[in-house]
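Chemist: model the structure of this input:
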Amino acid sequence: MDLRTTVERAQRLKQLHAEYKPLVLPTVWDVWSARTAVAAGFSALTIGSHPLAESRGAADHEGQTFEEVLAAVRPIIAAVDVPVSVDLESGYGQEPADLVAGLTGIGGVGLNIEDTVHSEGGRVRSTQEHASYIAGLRAAADDAGIPLWVNGRTDLFLHAEDASGVLDEAIGRLRAMEQAGADSVYPVGIQDKDDLLAAVTGAVAVPVNSTAHPVKHDLERFRRLGVGRITYGPLLQIALTDAMGDMLRPWAP
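Modeler: Residues are numbered from 1 along each chain as shown. The predicted structure is shown next:
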């Protein structure tokens with residue numbers, strides 16, 4: 001994809017975040033799911049690491065190399081004419097500039113970056129370390145002249161036995177990511193906790209991303225809680241897996 005088209009799609013993704021409260025980005029994993037989501041009326045997509053890995057028989061949590069992910073993502077981005085963001089886990093051991101160059105080189109205009117470093121035993125980056133990585137992504141995108149959308153993710157709630165017990169620490173981390181240049185922030189694991197969602201959406205000025213189940217959750221509830229961006233993570237693929245099983249089971253021998 002040429003640079004001008006990439007820049008235009010990045011600008012469009014930014015515009016969509018401003019227009020929709022929340023912006024729903026269906027999480028896809030191959031050309032079929034991407035084209036299906038666009039045909040359903042969506043103006044932007046995200047590619048999830050978990051469903052992408054499942055579709056390729058690989059392991060989530062950086063079970064693929066960065067080069068393998070780019071090779072898998074390239075035809076998906078090329079198959080649709082809407083902005084596509086990509087979940088790049090914790091960065092596959094890449095320097096921020098290399099991560100940005102690889103992604104934008106195939107037309108990706110947004111990324112998700114998390115603080116659990118799977119290639120290093122699943123350790124969690126410190127608040128400052130993760131913020132610094134995000135600052136590096138922002139600087140690299142600015143240098144390239146591409147308004148790349150950076151969605152900064154924290155797994156603190158996901159790792160905690162008591163999610164409410166890490167609220168203050170998580171808010172501090174979200175604010176640090178915002179200050180470092182994240183366009184949105186993603187506190188994973190609290191999609192069913194109204195009080196925590198309301199607390200984090202009230203604590204930052206950028207859109208807060210929440211995971212959602214396309215059948216079990218309600219869009220209006222997320223809007224009421226102030227969520228600015230919704231992605232499905234692996235839940236759309238899981239829902240389709242369940243539906244496919246229900247359809248096929250009566251035909252099984």
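
Chemist: my assumption is that V185 lies in a helix; please confirm.
Modeler: No. Counting by DSSP: H, G, I helix; E, B strand; the rest coil, V185 is not found in a helix; it is strand.

Chemist: who are the packing partners of the strand or helix carrying G152?
Modeler: G152 is part of strand 149-154, with elements assigned from DSSP states H and E. Here strand 149-154 touches helix 3-19, strand 110-113, helix 127-144, helix 167-180, strand 184-187, going by 3 or more C-beta pairs under 8 Å, 6 or more residues apart in numbering; DSSP states H and E. (C-beta placed from N, C-alpha, C; glycine too.)

Chemist: ok now the last one, how far from the chain's centre?
Modeler: So the one you mean is strand 184-187. Mean C-alpha position of strand 184-187 versus that of the full chain (C-alpha atoms, centre = their mean, to the nearest Å) differs by 9 Å.

Chemist: also the fourth one?
Modeler: In terms of C-alpha atoms, centre = their mean, the gap separating the centre of helix 167-180 from the centre of its chain is 17 Å.

Chemist: now for that helix, which elements pack on it?
Modeler: On a contact count with 3+ C-beta pairs under 8 Å, 6+ apart, helix 167-180 meets helix 127-144, strand 149-154, helix 156-159, strand 184-187, helix 194-201.

Chemist: what do you get for the last one?
Modeler: Contacts defined by 3+ C-beta pairs under 8 Å, 6+ apart place strand 184-187 against strand 149-154, helix 167-180, helix 194-201, strand 209-211, strand 229-231.

Chemist: out of the ones you listed, nearest to Q128?
Modeler: helix 167-180 (7.0 Å; C-beta to C-beta).

Chemist: what sits up against that closest one?
Modeler: 115, 127-128, 130-132, 134-135, 138, 152, 154, 156-157, 185, 187, 196, 199-200, 203-206, 208 (C-beta atoms under 8 Å, 6 or more residues apart in numbering).

Chemist: export it to PDB, keeping only CA atoms.
Modeler: Extracted in PDB, the C-alpha atoms of helix 167-180 (Å, rounded to 0.1, in the frame of the first residue of the first chain):
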ATOM      1  CA  LEU A 167      -7.800   0.400  40.500                       C
ATOM      2  CA  ASP A 168      -5.600   3.300  41.600                       C
ATOM      3  CA  GLU A 169      -2.500   1.700  40.200                       C
ATOM      4  CA  ALA A 170      -4.200   1.000  36.900                       C
ATOM      5  CA  ILE A 171      -5.500   4.500  36.600                       C
ATOM      6  CA  GLY A 172      -1.900   5.800  37.200                       C
ATOM      7  CA  ARG A 173      -0.800   3.500  34.400                       C
ATOM      8  CA  LEU A 174      -3.500   4.600  32.000                       C
ATOM      9  CA  ARG A 175      -2.700   8.300  32.700                       C
ATOM     10  CA  ALA A 176       1.000   7.600  32.100                       C
ATOM     11  CA  MET A 177       0.100   6.000  28.700                       C
ATOM     12  CA  GLU A 178      -2.100   8.900  27.800                       C
ATOM     13  CA  GLN A 179       0.700  11.400  28.600                       C
ATOM     14  CA  ALA A 180       3.200   9.300  26.600                       C
END
